[in-house]
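Asks: Just to be clear, the model below is a prediction. Sequence and coordinates:
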Amino acid sequence: MKLINIGFGNAVSARRIVAVVSPESAPIKRLGQEAREGGVLIDASFGRKTKSVLIMDSGHVIWSSLTPESIIARCTDQEDTESEEERE
């Protein structure tokens, strides 16, 4: 299982991420509010400005203070590492 650091020492399973999106649009804000009300919101931003929203295959919504580009780059790095390990 590969873990992706999403800031402040928190990590999520790379294989369980469905989408990494910006929190600026109204539908994503609404998704966050519904997740909070449903008890499936994980606020990993530690009070900082939320810069990305991770949607997980379990239905959980995670707020992170890292940019979506940063999280995507970390996921891509993990995939590259996995490919190199398979070749060896």
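Replies: Here it is on my side, so go on.
Asks: V53 and V21 touch, don't they?
Replies: Yes. Taking contacts as Cβ atoms under 8 Å, V53 lies within contact range of V21: 5.2 Å. To be clear about C-beta, it is placed using only N, CA and C from the backbone, and glycine gets the same treatment.
Asks: need the contact list for the most centrally placed residue in the chain.
Replies: With distances taken as Cα atoms, centre = their mean, the residue of the chain nearest its centroid is L54 (3.3 Å). Residues near L54 by Cβ atoms under 8 Å, 6 or more residues apart in numbering: 6, 12, 17, 19-20, 61-64, 71.
Asks: Could you identify the helix or strand that succeeds whichever strand or helix holds it?
Replies: Taking DSSP states H and E as the criterion, L54 maps to strand 52-56. Going down the chain from strand 52-56, the next helix or strand is strand 61-64, by DSSP H and E.
Asks: ok, back up a step: can I get the contacts of L54 in JSON lines with pLDDT?
Replies: Shown next, in JSON lines, are the contacts of L54 (pLDDT from 0 to 100):
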{"residue": "I6", "pLDDT": "96"}
{"residue": "V12", "pLDDT": "97"}
{"residue": "I17", "pLDDT": "97"}
{"residue": "A19", "pLDDT": "97"}
{"residue": "V20", "pLDDT": "97"}
{"residue": "V61", "pLDDT": "98"}
{"residue": "I62", "pLDDT": "98"}
{"residue": "W63", "pLDDT": "98"}
{"residue": "S64", "pLDDT": "97"}
{"residue": "I71", "pLDDT": "96"}
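Asks: Let's see the ChimeraX selection covering just the buried ones among those.
Replies: Here is the ChimeraX command that selects the buried residues among those (16 or more other Cβ atoms under 10 Å):
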select :6,12,17,20,61,62,63,64,71
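Asks: Return the member of the contacts of L54 nearest to R30.
Replies: Nearest to R30 out of the contacts of L54 is V61 (Cβ to Cβ; 10.9 Å).
Asks: Just want to check the distance between the closest one and D77.
Replies: Per Cβ to Cβ, to the nearest Å, V61 is found 24 Å from D77.
Asks: ok so, going back, hey, what's in contact with both of V53 and V21?
Replies: Contacts common to V53 and V21, judged by Cβ under 8 Å, 6+ apart, are I28.
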